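Q: When you get a sec, could you give me coordinates for this:
(one chain, ligands or ions: 1)
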Amino acid sequence: MGEVGEAVCAGVRLVATAAGDLLARIETPLAEALVSVRRAQVLAYRPRGCAEDLLFIGSRTAFRPGRERMGGVPLCWPWFGVDPDGGPIHGFARTADWRLLDCAPQSDGVVRLRLVPESGALAAWPHPCTLLLEIRVGATLGLTLETRNDADHPWTLTQGLHTYLRVGASDRVRLHGLDGRCYLDKARGAPVAPCRQQGPVSAGGEEVNRIYLDAPGPLWLDDPVLGRRIRVRARGSRTWVVWNPGATEIHRFADDLAPEDARRFLCVETVNTASETLNLAPGAASRIGADYQIETL
Ligand SMILES: O=P(O)(O)OC[C@H]1O[C@H](O)[C@H](O)[C@@H](O)[C@@H]1O
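A: Down below sits the predicted model:
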């Protein structure tokens, strides 16, 4: 839908990049945002009056064929994390080509975009299905990923919104809402037995890589350096992943992240994985979503 450079609906303009991406620039009375249409990836979101973006983008990352940028909100689908059958980590939706289905101004100054994979983009997945990402840009950012099983048999799905929240300094922020919750520690060398969170989550120089189970949220991230609180509400999910490579593991991501980037983000990921693996019956649909709001501290 829409020609490049054209305002496809009020407040939304498409821009083609030299590297082959198609960007949607969104400006509403309430907020501005930037979306990579090709990768169905929100890259930036800033409510009016906020000095800093909600999202972090790796300082070395770039759009490349068959790759997503490291930052913003990459989609993890149709599996989250390592595929036991040897497929790419976090699935292939984030590296597939997508297109804009439609966009429409809603009430209260919200703009809604809907993105779908290009035809054939899901060919690596043997189960017929329909996938759709809805992005709502207003005083909050709302994302919903919908999957419908169009096959005549059930299949298993894990998925996630791998959100890179921008922070002033990762060792100064505190993530609340997970106190007392059980987590699986995926950091290198961590104990295999589940752990229980005590107090808020913080990220120092070491890798943090945890799957929190059965935690309905909402979560809130207090950032004294940027003077703000980010609230995250999940829909259709009670599992969260909190990830930061820390100074110890950042070198593994050198194509996309500079060493100092480890202090500039905390991934707070809304996911269905582990104990929340979904079994989709024929004709059934799954929706996972998250809403992000910035408040002044
Ligand atoms: O480098 P990526 O494939 O984007 O993955 C980055 C990270 O994503 C998640 O948060 C996982 O828990 C980590 O184990 C992984 O390293």
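
Q: Point out where the chain drops to low pLDDT.
A: Low-confidence segments of the chain, defined by pLDDT under 70, span residues 1-7.

Q: Give the pairing partners of the host helix or strand of residue 113; include direction for each.
A: Applying DSSP states H and E as the criterion places residue 113 in strand 111-117. According to DSSP bridges, strand 111-117 has the following sheet partners: strand 98-105 (antiparallel), strand 129-137 (antiparallel).

Q: Comparing those, which comes out most buried?
A: For the strands paired with strand 111-117, the stretch with the most neighbours on average is strand 129-137, a mean of 20; neighbours defined as mean count of other CB atoms under 10 Å. For the C-beta atoms, the positions are set from N, CA and C on the backbone; glycine is no exception.

Q: Would you mind naming what in the stretch 101-250 of the chain lies close to the ligand?
A: 186, 209, 241, 243 (CB under 6 Å from any ligand atom).

Q: What values do phi and psi take at the closest residue to the ligand within the stretch 1-150 of the chain?
A: Of all residues in the stretch 1-150 of the chain, residue 89 sits closest to the ligand, with a separation of 4.3 Å (CB to the nearest ligand atom). Reported as degrees, to the nearest 10, the phi and psi values for residue 89 are phi -60, psi 140.

Q: Give me the number of neighbouring residues for the closest residue to it other than its chain neighbours.
A: Nearest in space to residue 89, with sequence neighbours left out and distances taken as CB to CB, 6 or more residues apart in numbering, is residue 82 at 5.8 Å. Close neighbours of residue 82, defined as other CB atoms under 10 Å, add up to 12.

Q: go on, residue 27?
A: Summarising burial for residue 27: neighbours were counted as other CB under 10 Å, giving 15.

Q: likewise the one 4 residues further on?
A: Counted with other CB under 10 Å, the neighbours of residue 31 add up to 24.

Q: Check residue 214 too.
A: Neighbours of residue 214 under the rule other CB under 10 Å: 11.

Q: same deal with residue 182?
A: For residue 182, the number of neighbouring residues by other CB under 10 Å comes to 15.

Q: rewinding a little: top of the residues of the stretch 101-250 of the chain next to the ligand by number of neighbours, please.
A: The member of these that has the most neighbours, counting by other CB under 10 Å, is residue 241 with 26 neighbours.

Q: Tell me which helix or strand it sits in.
A: Using DSSP H and E, residue 241 sits within strand 239-244.

Q: what about the strands in the stretch 1-150 of the chain?
A: Using DSSP state E, counting those that start in this stretch, the strands of the stretch 1-150 of the chain run over 7-9, 12-16, 22-27, 31-36, 41-47, 75-76, 98-105, 111-117, 129-137, 141-149.

Q: Can I get these in JSON lines including distance to residue 277?
A: What follows is those, written out as JSON lines (distance: least, CB to CB, whole Å):
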{"stretch": "strand 7-9", "distance to residue 277": "37"}
{"stretch": "strand 12-16", "distance to residue 277": "35"}
{"stretch": "strand 22-27", "distance to residue 277": "32"}
{"stretch": "strand 31-36", "distance to residue 277": "28"}
{"stretch": "strand 41-47", "distance to residue 277": "24"}
{"stretch": "strand 75-76", "distance to residue 277": "13"}
{"stretch": "strand 98-105", "distance to residue 277": "25"}
{"stretch": "strand 111-117", "distance to residue 277": "22"}
{"stretch": "strand 129-137", "distance to residue 277": "16"}
{"stretch": "strand 141-149", "distance to residue 277": "13"}
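
Q: closest to residue 254 out of the ones you listed?
A: When these are compared for distance to residue 254 using CB to CB, the nearest one is strand 41-47, at 20.6 Å.

Q: contact partners of the closest one?
A: Residues external to strand 41-47 that are found in contact with it (CB atoms under 8 Å, 6 or more residues apart in numbering): 23, 30-36, 52-55, 57, 68-69, 71-75, 94, 135, 137, 139-141, 143, 292, 294.
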